[in-house]
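> let me see the structure of the following:
(4 chains)
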Protein chains: 2
Amino acid sequence: MIRDAARALFAEHGYERTTIRAVADRAGVDPALVMQNFGSKEALFAAAARWSTPLDELLAAGRTELPQAALDHVLDAFEDPERRAAAEALLRSCLTHPAAQAVLRDQVMGAAQERVASTIGGPDAALRAALLNACVLGLTISRYLVEVPAVADATATDLERVLRPALERLVEPT
Amino acid sequence: MIRDAARALFAEHGYERTTIRAVADRAGVDPALVMQNFGSKEALFAAAARWSTPLDELLAAGRTELPQAALDHVLDAFEDPERRAAAEALLRSCLTHPAAQAVLRDQVMGAAQERVASTIGGPDAALRAALLNACVLGLTISRYLVEVPAVADATATDLERVLRPALERLVEPT
DNA sequence: TCCTTCGGTCAACGCCTGTAGAGTGAGAGC
DNA sequence: GCTCTCACTCTACAGGCGTTGACCGAAGGA
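Sure, this is the predicted structure:
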């Protein structure tokens, strides 16, 4: 499948280092077929990096469950191979590719933010919600992309045990 | 100055989207001069993205001062225009450029980590130190690169006030 | 059997890239 | 005045890129 090959390569190398030719090679087809099916490299990336993770649990979480829900939200996504590749592709490109940056900011980071903020409440609710996201983003990048040893080697259980209390204080009333 | 032009462009566009020709244009010189002075695009990047931020305060901080010191460490760096451009260049490329990724992991994230871990103490010290870094990384990326509204618009004071208590719990004894 | 359709391949275009090497012109030392 | 040096520019190469349009063979209806 062309999209799977694209996902894998975008995830591994980011947008600009991934070529249509490499995607086609990996999928065992001709580069022109990739163009024919997707129209452009840009459209191929959009199809490969589509972030589709259900927000239900995050939206349903009460204030005290929010940190756990946020951590599960990403750790679960990175367990499922297909979602992981799409997420990695998006993250790997978000600092250099304008479209990916906009998707991350508006559709991923901003997705449940308003709702989460209202769950948190208080004067700094929006900032707290955004910082919750920021910490989880930092964890994700450290663990899965940059692979900082201590974070990459830890078990999911350890990560949750250590980080959750900190995130809880972030959502506690002042 | 060629290096300043390179810093600015690497910071804005990342490694692969920045061309030698664009750097030369911005510096008002010939592309070949860039090659002559730096040898290769790779070497130019290394010169532009060199991360030189003093670790003294971070190393000298006691356990309770660690979160504040870590926050200051990056927020200060991003106030100084020159250090900011170098830091942005490095961060912007760290997810796609292997060399930048290695520098970030080993020389930036890992720089004071051992020392910080020993300051924290306890069984999870290394993980806690790494997660402290991860949260600060997430903050930095959200604020300066992806520009998530709530985080980018907040004052440094607000960021510290809201995030510091959370980071403090991260370094507290279990 | 013929004709059409269609998924797929092939070869090529024009552009942009990093890089190399010859050339130029001003300034210094004799 | 001559020559040497050195910072700099000009031109060009070779290769990789996204993208295009002509082409091909199998499938299927008339």
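
> give me the contacts around the lowest-mean-pLDDT helix or strand in chain A.
Lowest mean confidence among the helices and strands of chain A (mean pLDDT, DSSP states H and E): helix A:56-60, at a mean of 88. Applying C-beta atoms under 8 Å, 6 or more residues apart in numbering or on different chains, the contact partners of helix A:56-60 are A:Leu66, A:Ala69, A:Ala70, A:Asp72, A:His73, A:Ala112, A:Arg115, A:Val116. For glycine as for every other residue, the C-beta is placed from the backbone atoms N, C-alpha and C.

> what about the fourth one, neighbour count?
What that stands for is A:Asp72. By other C-beta atoms under 10 Å in any protein chain shown, 16 other residues sit near A:Asp72.

> buried residues, the least confident helix or strand of chain A. List them.
Residues A:Leu58 are the ones in helix A:56-60 that count as buried (16 or more other C-beta atoms under 10 Å in any protein chain shown).

> from the contacts of helix A:56-60, which single one is nearest DNA strand C?
A:His73 (35.5 Å; C-beta to the nearest atom of the strand).

> related to what we said a few turns ago, got a quick ChimeraX command for the buried subset of the contacts of helix A:56-60?
Under the burial definition 16+ other C-beta under 10 Å, those of those that qualify are selected in ChimeraX by:
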select /A:66,69,70,72,73,112,116
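
> now do the contacts for A:Leu163.
With C-beta under 8 Å, 6+ apart, A:Leu163 has these contacts: A:Pro67, A:Leu71, A:Cys135, A:Leu139, B:Leu131, B:Leu170.

> now it: which helix or strand?
Element membership for A:Leu163 (DSSP states H and E) is helix A:156-171.

> quick one: mean pLDDT for that helix?
Regarding helix A:156-171, the rounded mean pLDDT is 96.

> quick one: distance of it to the chain centre.
18 Å (C-alpha atoms, centre = their mean, to the nearest Å).

> tell me the helix or strand right after the least confident helix or strand of chain A.
Past helix A:56-60, the next helix or strand by DSSP H and E is helix A:66-77.

> which non-adjacent residue is nearest A:Leu131?
B:Leu163 (5.6 Å; C-beta to C-beta, 6 or more residues apart in numbering or on different chains).

> relative to B:Glu147, how far out is that neighbour?
Distance, B:Leu163 to B:Glu147, using C-beta to C-beta, to the nearest Å: 17 Å.

> what do you get for A:Ala6?
From A:Ala6 across to B:Glu147, the span is 27 Å (C-beta to C-beta).

> related to what we said a few turns ago, can you give me the buried ones in the helix holding A:Leu163?
A:Leu159, A:Glu160, A:Val162, A:Leu163, A:Ala166, A:Leu167, A:Glu168, A:Arg169, A:Leu170, A:Val171.

> isn't the second one right up against A:Ala70?
Spelled out, it's A:Glu160. No. At 10.5 Å, A:Glu160 does not count as touching A:Ala70 under the criterion of C-beta atoms under 8 Å.

> residue ranges of the helices in chain A, please?
A:2-13, A:20-27, A:31-38, A:41-48, A:56-60, A:66-77, A:81-93, A:98-102, A:113-120, A:125-140, A:149-153, A:156-171 (DSSP state H).

> need those in JSON lines (columns: distance to B:His13).
Converted to JSON lines, the helices of chain A look like this (distance: least, C-beta to C-beta, whole Å):
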{"stretch": "helix A:2-13", "distance to B:His13": "17"}
{"stretch": "helix A:20-27", "distance to B:His13": "21"}
{"stretch": "helix A:31-38", "distance to B:His13": "24"}
{"stretch": "helix A:41-48", "distance to B:His13": "16"}
{"stretch": "helix A:56-60", "distance to B:His13": "33"}
{"stretch": "helix A:66-77", "distance to B:His13": "27"}
{"stretch": "helix A:81-93", "distance to B:His13": "13"}
{"stretch": "helix A:98-102", "distance to B:His13": "9"}
{"stretch": "helix A:113-120", "distance to B:His13": "27"}
{"stretch": "helix A:125-140", "distance to B:His13": "21"}
{"stretch": "helix A:149-153", "distance to B:His13": "28"}
{"stretch": "helix A:156-171", "distance to B:His13": "32"}
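
> would you single out the least confident of these?
helix A:56-60 (a mean of 88).

> ok, the residue nearest in space to the middle of chain A to chain B distance?
Centroid check for chain A by C-alpha atoms, centre = their mean gives A:Ala87 as the closest residue, at 4.4 Å. Distance, A:Ala87 to chain B, by C-beta to the nearest C-beta, to the nearest Å: 12 Å.

> could you list which residues are in contact with A:Ala6?
Counting by C-beta under 8 Å, 6+ apart, A:Ala6 makes contact with A:Thr18, A:Val23, A:Ala27, A:Val34, A:Leu44, A:Phe45, A:Ala47, A:Ala48, A:Ala89.
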